[in-house]
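K.L.:
need coordinates for the below:
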Amino acid sequence: MKKPGITIDVPGFGKVQIDAILSDYTGTLAFSGKLVSGVKDRLLRLAELVDIHVVTADSFGTAQEELKGLPIVCRRLEARTRTSRSGVMPWG
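P.N.:
Model prediction:
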């Protein structure tokens, strides 16, 4: 079932239809690995309108448990590395 989305009229640009939202977890939805107070209820209300995707490095290892039961898609980003003459370097 397609969700209704959110329509925003942006001055000087026009109407924008939002069907999905992508958010980071740590520092955006959560602090010290725990969902910020009130965020869970807001995500539930927002999920009635749009699809919600959350990406995270899950620095605290708590994202899966904290987001459990919410109608969202959560993806944990894995660290990628590459080697150089001087050793291992972070990718990017």
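K.L.:
pLDDT below threshold where in the chain?
P.N.:
80-92 (pLDDT under 70).
K.L.:
look at the residue nearest to residue 26 when sequence neighbours are not counted and say how many residues are nearby.
P.N.:
Using C-beta to C-beta, 6 or more residues apart in numbering and skipping the chain neighbours, the partner closest in space to residue 26 is residue 59 (5.4 Å). For the C-beta atoms, the positions are set from N, CA and C on the backbone; glycine is no exception. With neighbours defined by other C-beta atoms under 10 Å, the count for residue 59 comes to 13.
K.L.:
so how far is residue 79 from residue 59?
P.N.:
11 Å (C-beta to C-beta, to the nearest Å).
K.L.:
go on, residue 57?
P.N.:
Counting by C-beta to C-beta - residue 57 and residue 79 are separated by 7 Å.
K.L.:
again with residue 17
P.N.:
Taken as C-beta to C-beta, the span from residue 17 to residue 79 is 35 Å.
K.L.:
again, but for residue 14
P.N.:
For residue 14 relative to residue 79 (C-beta to C-beta), the value is 40 Å.
K.L.:
the nearest residue to residue 35 once chain neighbours are set aside: neighbour count?
P.N.:
Closest residue to residue 35 apart from its sequence neighbours, by C-beta to C-beta, 6+ apart: residue 66 at 4.9 Å. By the criterion of other C-beta under 10 Å, residue 66 has 20 neighbours.
K.L.:
thought residue 66 was touching residue 33?
P.N.:
Yes. The pair residue 66 and residue 33 passes the contact test of C-beta atoms under 8 Å, sitting 7.3 Å apart.
K.L.:
circling back to that earlier point, which one of residue 57 and residue 79 has more residues nearby?
P.N.:
residue 57 (13 against 8).
K.L.:
quick one: contacts for that one?
P.N.:
Counting by C-beta atoms under 8 Å, 6 or more residues apart in numbering, residue 57 touches 26, 76-77, 79.
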